[in-house]
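Asker: what's the 3D shape of this:
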Amino acid sequence: MKNKKSVFIWSLYDFANSSYAVIIVAFVYAVYFTEVICESDVTGTFLWSLGINISMITVALINPYFGAIADYTSKKKLFLGIFSATCITATALMFFTGRGDVTFGLILFIISNIGFQGALTFYDAFIPEIADENDYNKVSGTGYAVGYLGSLFAAMLVIPFRNNPEYLFLITALLFTVFSLPLFLFLKEHKLHKEVPGTGYFKYGFKKVFHTIRNIKKYKNLAVFLTAFFFYIDAINTIIYFAGIYASSILSFEIIELAYFFIIVQFTAMIGSFLFGMIGDRIGIKLSIIITLIFWTLIVIGVFLINDKTQFFIIGSFAGTFLGATQSLSRALMSKLIPFEFKTEFFGFYSLFEKTSTILGPLLFGLITYITGNMRIAVLSVGVFIIAGMIIIFFVKEKKEEIQFVQ
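Answerer: Predicted coordinates:
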C-alpha cells in the first residue's frame, strides 16, 4: 500500500458522508418526509421516488462533465468541496421543515442528494492515487468499512433523538463537516501540470465528455462491466432508498425499531466490507460480486415473503453484509479497469451509470406502489435487475484493457 496515512485520511470522508446516507436517505428523513411532511405513505413514496429521480438525472448529466475538468485541472478537491458543501447546507436547512412543507422538503432533499451523489465521483477517483493496483480492493473495502462505522454511529444517535428527528438533520450536517475536513486539509492531490486548454475549461469539459463517449466503445470490457453495474446497482440503491419506508409502512416499524434495524445493517455491512475485501483478493473481484448478487436475489425473495419484524431483522443482517461487499467490490473493479490518466473522467461515467440506473428502479418502485397500493409487488421488480446484472457480469474480464485513449 502506497501510504496508509493517506488511506486513513481518505476513508474519513466515508465516515463523514455516511451520516447523510443513513439519516437522510435510508430512514429518518425518508420516513419523516412521507409520514410527517406529506402525511401519506402512498403519495409520499411516489414524491420520494420523484425526488430521487430528479437528483440522479442532474448528477448523471453534470458529473462526467465536471470529471473531465477535474482531470485536466487536477482539482478534484475543489469539486469535492463544492458538492459536499451543497449537501451539508441543504441538510442543515431540513431542520426547518414540518407538516405540509412538501415542496420545500422535497427541494431540500433534491439539492442535498445532488451534493452527496455528485461528490462521490471525485472521492472515488482518489483511489488510484493513494493505492497501488493490487491494493485497490483492500483500500475500497477499508473506505466502505469506515463508512459503515460512521453509519453505525449515526444510527445510534437516532435513539436519543427519536422524538425530535429534526435535530438529527443538524447533527448530520455537523458530522459531515467535521469528518470531511481532514481530507481537504491533509490529503495531497496528484498534479498533472497540464496547460490551460485554448478552448477554456467549460468548453473543454463538454468536448471531453463527448470525446469520451466516442472512445469508450474501445474499452469493450469496461462497457460490459458498466452495463452489468447499471442493472444490479439500480436494485441495491432502490433497496437503500425504500428500506425504511417499506419497514414503516408494511411492517409498522416504529422509529426506535428502525434505529435498531439500521444499527444491525450498518454493523454487518462493515463486516461485509472487510470480509469480502479479503475474499476478493483470494478468489477474484468478479466472482466475489457474483456471489453477493446470488445472495441479493435470495434476500429480495425473502423480503417479499416475510410477514413479521423478526424475519425482517434477520434478512436485514444478511442484506447489510452484502451491501457493503457489493459496493466495495464494484468500486475496486472499476479502479482496476480504467486508465489512470483519465480516472476522474471515467469515474464520472461510473457515476453516470449508477445515477441513470437509479432513475429506473426507484421510479418503477414508486409507480408500482402508487398504481397498485401494494409495496410488496414493487419489491419483486428489484430482483429482475439483480438477475440481469448477474448474467451480464459473467462476460467481464478482470483485467485492464491495453488500448490507447486518443485525446
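Asker: So which elements touch the helix or strand harbouring residue 240?
Answerer: Using DSSP states H and E, residue 240 falls within helix 220-250. Packed against helix 220-250 by the contact rule (3 or more Cβ pairs under 8 Å, 6 or more residues apart in numbering; DSSP states H and E) you find helix 28-32, helix 41-73, helix 255-283, helix 285-305, helix 309-337, helix 343-372, helix 375-393. (Glycine included, C-beta is placed from N, CA and C.)
Asker: among the ones you listed, which gets the worst mean confidence?
Answerer: For the helices and strands packed on helix 220-250, mean pLDDT drops lowest on helix 343-372, to a mean of 73.
Asker: low-confidence ranges in the stretch 51-200 of the chain?
Answerer: Along the stretch 51-200 of the chain, the parts satisfying pLDDT under 70 run over 64, 71-72, 133, 137, 191-200.
Asker: Point out the most buried one among the helices and strands packed on helix 220-250.
Answerer: When the helices and strands packed on helix 220-250 are scored by mean count of other Cβ atoms under 10 Å, the highest mean neighbour count falls to helix 28-32 (a mean of 26).
Asker: for that helix, packing partners?
Answerer: helix 165-186, helix 220-250, helix 255-283.
Asker: Just give me how far the last one sits from the chain centre.
Answerer: In terms of Cα atoms, centre = their mean, to the nearest Å, the centre of helix 255-283 is found 15 Å from the chain centre.
Asker: That one versus helix 220-250: what angle between them?
Answerer: Per axes from the mean of the first three to the mean of the last three Cα atoms, to 10 degrees, the angle that helix 255-283 makes with helix 220-250 is 160 degrees.
Asker: so what secondary structure elements neighbour helix 255-283?
Answerer: Counting contacts by 3+ Cβ pairs under 8 Å, 6+ apart, helix 255-283 packs against helix 28-32, helix 136-157, helix 220-250, helix 285-305, helix 309-337.
Asker: Let me know which of those is the nearest to residue 268.
Answerer: Ranking the helices and strands packed on helix 255-283 by distance to residue 268, with Cβ to Cβ as the measure, places helix 309-337 first at 3.4 Å.
Asker: from the middle of its chain, how far away would that closest one be?
Answerer: 12 Å.
Asker: now swap in stretch 231-246 and tell me
Answerer: 10 Å.
Asker: what comes up buried for the helix holding residue 240?
Answerer: Neighbour-count burial for helix 220-250 flags 221-250 (criterion: 16 or more other Cβ atoms under 10 Å).
Asker: nearest residue to residue 381 other than its sequence neighbours?
Answerer: residue 364 (5.3 Å; Cβ to Cβ, 6 or more residues apart in numbering).
Asker: Select, out of the helices and strands packed on helix 28-32, the one closest to residue 297.
Answerer: Closest to residue 297 of these, according to Cβ to Cβ: helix 220-250, at 9.2 Å.
Asker: Perfect, that will be all.
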